[in-house]
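> Let's see this in three dimensions:
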Amino acid sequence: MTKFIHLTDNLQNPKRVEGNKSVEDVLKIASIGQLKNHPDLLIFPDSFSESSRSIYDLSIVNAKNLQYSDSGKYASVDVTTGNLMGFVGINDTSLSIHSRFTHSRKGSNGDEYDQDFFLYYMLQKILSINVLSLDHANNQDDKILDFLLFLFPSMLKKAMSQGLYKEYKTLQHDDAQVHGVININRVIRNDIPFHGRISYSTRQHSYDNSITQLVRHTIEYIKHHPFGASILSNDQETKECVSQIISSTPSYNGRERERVLKQNLKPKVHPYFLKYRDLQQLCVRILRHESLKYGKEENKVYGILFDGAWLWEEYLNTILKDLDFKHPKNKESKGGVRMFEKPSDEDYFDNNSRRMYPDFYRKDYILDAKYKHLNGNVGREDLYQVVSYMYCMEAPLGGYVYPDDGHNILKKYKLAGKGTQYPDNEGGLISVIPFQVPQNSEDWNSFATAMKLSEERLATSIL
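Residues are numbered from 1 along each chain as shown. You can find the predicted model right below:
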């Protein structure tokens, strides 16, 4: 029988897990770093090379106070969580980490379940998708599949931005227009006595191949999902990509799904079509969802995880970019700000000190995104970092934006410095800005409406 363990992100009060097998399973999946080689665990965004931080350095849970029974077996362990959210399954243990802003509500069947509106909302904003209804997702397995489907349009468009995938395909011919390698065995079998035809084979590029067939099968699978039609027709670019895949796979046969899956279990390595590897990985997980759900393979890890800090930062970018804020990409070394006025002065310092990468900045404002619990208590390192950015960039305003349940208010603190850098302000001003995440919304539409109001309040507070 599966043991379900429900947690929330940034859990401050430890939750106790009991039982030898459950504790053993939890310890096996405590750290992402030890799960790198499990192909059925999808980690977003690192699986798609989007993160500005290494998610493999993070822990899924932090285990403390490990206790043993008299027989020497595991008895219990206390666990807390960080910024990661999602679902991980191993053996008979299923671990779910919801957003700490999760809502409890009743589904269409009358059962009460947790609905993570906040996580869904951030994903739809970042991935530019429309969530029409979440009422069907009443269990963990449905939610995992939902998340996979949400990622599909984004991965499809990124892959096809490199062009339609093509690879060499061997074609067999039997005619008088020989322009390839003659197949002696087939000549003996088919062309003797001679009838004016020769059996031969050619190799040529084809758009109808194992990868495009995999994508086509995924498209057909999504069409039968409750909101699959809206996913595949979310925007004009997605519709065009779907249409192009369908037209390029004339040999599609729905009964050959297992064969196509087997052809794609090993990732494709192509020096040009690199983004198709990410799409291939996602499609395999979507099509294998049922087998993963019911698989009983020993120590097999599967599921999907999200870096909450990355999601929060990218979600804020959808709001702040319209307020003239820039969002540097640290991992890609893009958008950084020079710390020294003279490039020659940089030679004395370490490479990591030469450029600054604030989460968000504009001419007069430095903003730091914080997903963890803040509650107005900014740490020493976070404070010094923003103040140093303000000094070097001559920005009179700085601040921190964090998600909040509505218990905190906007606070502003004036820095002591009165130098010439801030002649109008006589020193910088630091703001700690809570972003109110709606609580107890009755349904998705009311939650989305309340989130738009919070977004407007955020924009007003930093104008």
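> Only C-alpha atoms from now on, for both contacts and neighbour counts.
Will do.
> And for Lys158, the neighbour number?
15 (other CA atoms under 10 Å).
> Next one: it relative to Tyr207, how far apart?
Remark: distance between Lys158 and Tyr207 (CA to CA, to the nearest Å) = 17 Å.
> swap in Asn408?
56 Å.
> Which one's more surrounded, those two?
The residue with more neighbours, out of Asn408 and Tyr207, is Tyr207; 19 against 15, by other CA under 10 Å.
> Nearest residue to Ser230 in space, please, no chain neighbours.
Nearest-residue entry for Ser230: Asn130, 7.2 Å, with adjacent residues in sequence omitted and distances by CA to CA, 6 or more residues apart in numbering.
> Count the neighbours of Glu240 for me.
Count around Glu240 with other CA under 10 Å applied: 14.
> Sorry, wrong one. I was asking about Gly254.
12.
> who's in contact with it?
His217 (CA atoms under 8 Å, 6 or more residues apart in numbering).
> Tell me the confidence at it?
Listed pLDDT for Gly254 reads 93.
> Please identify the helix or strand for Asn445.
helix 444-462 (DSSP states H and E).
> How about that helix, which residues are buried there?
Trp444, Phe447, Ala448, Ala450, Met451, Ser454, Glu455, Leu458 (16 or more other CA atoms under 10 Å).
> circling back: roughly how far apart are the residue nearest to Ser230 and Tyr315?
Asn130 is 15 Å from Tyr315, by CA to CA.
> again with Asp322
For Asp322, the distance to Tyr315 - CA to CA - is 12 Å.
> And for Lys329?
Applying CA to CA to Lys329 and Tyr315 gives a distance of 14 Å.
> contacting residues around the residue nearest to Ser230?
Gln124, Ser230, Ile231, Asn234.
> Now with 10 Å, please.
With contact set as CA atoms under 10 Å, 6 or more residues apart in numbering, Asn130 has these partners: Tyr121, Leu123, Gln124, Phe150, Phe227, Ser230, Ile231, Ser233, Asn234, Asp235.
> Which among those count as buried?
Tyr121, Leu123, Gln124, Phe150, Phe227, Ser230, Ile231, Ser233, Asn234.
> CSV please, covering these and showing pLDDT.
CSV is the format used below for the buried ones among the contacts of Asn130 (pLDDT from 0 to 100):
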residue, pLDDT
Tyr121, 92
Leu123, 89
Gln124, 87
Phe150, 86
Phe227, 77
Ser230, 82
Ile231, 86
Ser233, 87
Asn234, 82
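> Farthest-apart pair in these, please.
Pairwise distances across these peak at 18.6 Å for Tyr121 and Ser233 (criterion: CA to CA).
> wait, what's in contact with Asn253?
Contact analysis of Asn253 by CA under 10 Å, 6+ apart lists Gln213, Arg216, His217, Val260.
> packing partners for the strand or helix carrying Leu367?
Leu367 is part of strand 365-369, with elements assigned from DSSP H and E. Here strand 365-369 touches helix 308-320, strand 360-362, helix 380-393, strand 397-404, strand 429-436, going by 3 or more CA pairs under 10 Å, 6 or more residues apart in numbering; DSSP states H and E.
> and those as TSV, adding mean neighbour count?
What follows is the helices and strands packed on strand 365-369, written out as TSV (neighbours: other CA atoms under 10 Å):
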stretch	mean neighbour count
helix 308-320	20
strand 360-362	21
helix 380-393	16
strand 397-404	22
strand 429-436	22
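> Lys412 is nearest to which of the ones you listed?
Closest among the helices and strands packed on strand 365-369, once you apply CA to CA, is strand 429-436, at 4.3 Å.
> Output the contacting helices and strands for that closest one.
strand 365-369, helix 380-393, strand 397-404, strand 411-414, helix 444-462.
> 6 Å instead?
If you count contacts as 3 or more CA pairs under 6 Å, 6 or more residues apart in numbering; DSSP states H and E, strand 429-436 packs onto strand 397-404, strand 411-414.
> Can you show me the helices along the chain?
Secondary structure of the chain (DSSP state H): helices located at 20-28, 117-127, 140-160, 184-190, 210-223, 228-232, 236-247, 257-263, 275-287, 289-294, 308-320, 380-393, 444-462.
> got a pLDDT number for Asn375?
Reading off the model, Asn375 has pLDDT 68.
> what do you get for Lys36?
71.
> any idea how far Leu282 is from it?
On the measure of CA to CA, Lys36 and Leu282 end up 16 Å apart.
> Could you check how far Arg285 is from Ser388?
44 Å.
> now swap in His225 and tell me
His225 is 50 Å from Ser388, by CA to CA.
> the residue most distant from the middle of this protein, which is it?
Pro193 (61.7 Å; CA atoms, centre = their mean).
> could you dump the helix holding Asn445 to CSV, C-alpha only?
Extracted C-alpha coordinates of helix 444-462, given in CSV (Å, rounded to 0.1, in the frame of the first residue of the first chain):
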residue,chain,number,x,y,z
TRP,A,444,-9.8,29.3,-10.1
ASN,A,445,-11.4,32.3,-11.7
SER,A,446,-11.8,34.2,-8.4
PHE,A,447,-8.2,33.4,-7.5
ALA,A,448,-6.9,34.7,-10.8
THR,A,449,-9.0,37.9,-10.4
ALA,A,450,-7.6,38.5,-6.9
MET,A,451,-4.0,37.9,-8.2
LYS,A,452,-4.5,40.6,-10.8
LEU,A,453,-5.4,43.0,-8.0
SER,A,454,-2.2,42.0,-6.2
GLU,A,455,-0.2,42.6,-9.3
GLU,A,456,-1.7,46.1,-9.6
ARG,A,457,-0.9,46.8,-6.0
LEU,A,458,2.7,45.7,-6.5
ALA,A,459,3.1,48.0,-9.5
THR,A,460,1.7,50.9,-7.6
SER,A,461,4.0,50.4,-4.6
ILE,A,462,7.2,50.6,-6.8
